[in-house]
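In: Fold the following for me, if possible:
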Amino acid sequence: MSHQFEIAKQIVEETCPHRKLQLENIRLFANIIQCKKYHKGDIILGEGEVCNNLLYIEQGLLRQYYVKHGKDVTEHLSYEGNGVVWCIESYFHQTPTHLLMEALEPSVVWEIPRDLMEDISDKNCDIAYLYRRFFEDSLILSQVKADMLRFESAKERYSRLMQLFPEIVKRAPLTYIASYLQMSLETLSRVRSSMT
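Out: I've put the predicted structure just below:
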């Protein structure tokens, strides 16, 4: 079996753990995904571009951020095995994004093109189910983050991040973690020292 098929199968198994997709449908999905490699610091999606792909990280760490008053604000951090990464509004409305996406490590990313995915999901219920699961998982993750920021203290937010996404804590620069958790670097340092 090809590496592309193995990755497609991995994406399907991670995204749809409770439903077994037929092999021919996994092959159909494998035929549309495309591998891209990025160096640390590469911009994967720039401000003003349209998000035309869902991205699955085979290896690496990505950051989504925007610039507000000349300062980077980290919106999302993701690494291998954490579902797809995308700019929701730009993807659905096909409008330029305000979010940028960059590789924080050398990264291997699989693009799932919007036009091809929509085309095959219109004709295939297994693929339609997979497509819907991408959106469900992403929306649940957004809700978890929103609730965390609204209802939890700085220490609770950091604890939750360590519990849910331990690799972010190990691999992402502290400035980006602090920004993602909407706290200052000083507050993050205090929280981290109080937990050791």
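In: biggest helix in this protein by residues?
Out: Identified as the longest helix of the chain according to DSSP state H is helix 125-151.
In: which other helices and strands contact that helix?
Out: In terms of contacts (3 or more C-beta pairs under 8 Å, 6 or more residues apart in numbering; DSSP states H and E), helix 125-151 is packed against helix 3-15, helix 23-30, strand 84-85, helix 114-123, helix 154-164. For every residue, glycine as well, the C-beta is placed using N, CA and C.
In: again, 6 Å this time
Out: helix 114-123 (3 or more C-beta pairs under 6 Å, 6 or more residues apart in numbering; DSSP states H and E).
In: So which elements touch the helix it packs on?
Out: Looks like helix 114-123 contacts helix 125-151 (3+ C-beta pairs under 6 Å, 6+ apart).
In: Trp24 and Ile127: what is the separation?
Out: Careful, residue 24 is Glu; it's not Trp. Glu24 is 11 Å from Ile127, where distance means C-beta to C-beta, to the nearest Å.
In: Grab the most central residue of this protein for me.
Out: Against the mean C-alpha coordinate of the chain, by C-alpha atoms, centre = their mean, the closest residue is Val85 at 2.9 Å.
In: Contacts only, for that residue.
Out: Listed by C-beta atoms under 6 Å, 6 or more residues apart in numbering, the contact set of Val85 reads Leu55, Leu62, Ser78.
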